[in-house]
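A.B. asks: got a structure for you, letters missing:
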């Protein structure tokens, strides 16, 4: 397990920050903003890097966006009984984009204030996606998992449980996509994700739903009695996100992770769940 940080800052307003990381000989990427908006710098650095303490002090003193992520080794993933499955390849927007998350044909909003929802029909996408070597994808703004048909064929072969094979609809034509299908997960676990008081959260003033910020650091702890028996896929009972962004984390059994790793399927990442 290794904690990584994606640090982002504007070098035009923070030239000392850029000069310092240059002196450390750290690799970074830049993006010139249009209209004289400055030069954005993107730095990926692990906490095991000897320069991390100095970079952390720069973040504190000069200010920068700092997004954390935990990366688990293949050995850690293969050894874990349960894992989170997170799609890391986004392409396109859910349709119709202009009315998201309201008036979407695939979802029933359970609360218009925090946008928790229930999917009731197939997702709509703009056009057939280009996946390249990816086997999994999601759309910008959502956390639904789309995959190539071969994934669902293999899941059927191993008699995986807890998922359904749903169509994905091309919005303009109403035709079913020939390239991707939705790996739909109807099963919701019992309450049991252990997110301490220190974990940021909001309470919807309209429906009272607690929505947690994305869990990024370390393992996610879940009570053993939250997991449903005899299923390979399930959603957490708890909601995550902020504003109109709402999702439940996808929890999968070890044999699903083993299958994905053995097949070399790309587009998703696994994070270890610890059962307590």
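C.D. replies: Perfect, thanks for sending it. Predicted model only: the values in this text are computed from it and were never measured.

A.B. asks: okay, CA-based contacts and neighbour counts for the rest of this
C.D. replies: OK.

A.B. asks: quick one: secondary structure of residue 256?
C.D. replies: Look at residue 256: counting by DSSP: H, G, I helix; E, B strand; the rest coil, its state is helix.

A.B. asks: no, scratch that, I was asking about residue 56
C.D. replies: Secondary structure for residue 56, judged by three-state DSSP, is helix.

A.B. asks: Contacts only, for it.
C.D. replies: The contact partners of residue 56, taken as CA atoms under 8 Å, 6 or more residues apart in numbering, number zero.

A.B. asks: any idea how far it lies from residue 199?
C.D. replies: Noted for residue 56: a distance of 20 Å to residue 199, by CA to CA, to the nearest Å.

A.B. asks: and if you look at residue 185?
C.D. replies: Applying CA to CA, one obtains 26 Å for the distance of residue 185 from residue 199.

A.B. asks: Partner strands of the helix or strand where residue 137 lies, with direction?
C.D. replies: Taking DSSP states H and E as the definition, one finds residue 137 inside strand 136-137. Here the strand partners of strand 136-137, with direction, are listed using DSSP bridges: strand 146-147 (antiparallel).

A.B. asks: contacting residues around the partner strand?
C.D. replies: 135-138, 180-183.

A.B. asks: before we move on, back to that, out of residue 185 and residue 199, which sits in the more crowded spot?
C.D. replies: In terms of neighbours (other CA atoms under 10 Å), residue 185 is the more surrounded of residue 185 and residue 199; the figures are 20 against 11.

A.B. asks: Let me have the contacts of strand 146-147 in a markdown table, adding distance to residue 105 as columns.
C.D. replies: Conversion of those to a markdown table gives the following (distance: CA to CA, whole Å):
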| residue | distance to residue 105 |
| --- | --- |
| 135 | 25 |
| 136 | 22 |
| 137 | 20 |
| 138 | 17 |
| 180 | 18 |
| 181 | 17 |
| 182 | 15 |
| 183 | 18 |
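
A.B. asks: Tell me the spacing between the spatially most central residue of the chain and residue 225.
C.D. replies: The structure's the chain has its C-alpha centroid closest to residue 86; by CA atoms, centre = their mean the separation is 4.4 Å. With the distance defined as CA to CA, residue 86 ends up 23 Å from residue 225.

A.B. asks: try residue 65
C.D. replies: Applying CA to CA, one obtains 37 Å for the distance of residue 65 from residue 225.

A.B. asks: For the stretch 51-200 of the chain, which segments count as helices?
C.D. replies: In the stretch 51-200 of the chain, helices defined by DSSP state H, counting those that start in this stretch lie at 52-62, 74-79, 149-157, listed in chain order.

A.B. asks: Check which helices and strands the second one sits against.
C.D. replies: Applying 3 or more CA pairs under 8 Å, 6 or more residues apart in numbering; DSSP states H and E, one finds that helix 74-79 contacts helix 254-263, strand 268-275.

A.B. asks: okay, the angle between the last one and helix 254-263?
C.D. replies: What that stands for is strand 268-275. 150 degrees (axes from the mean of the first three to the mean of the last three CA atoms, to 10 degrees).
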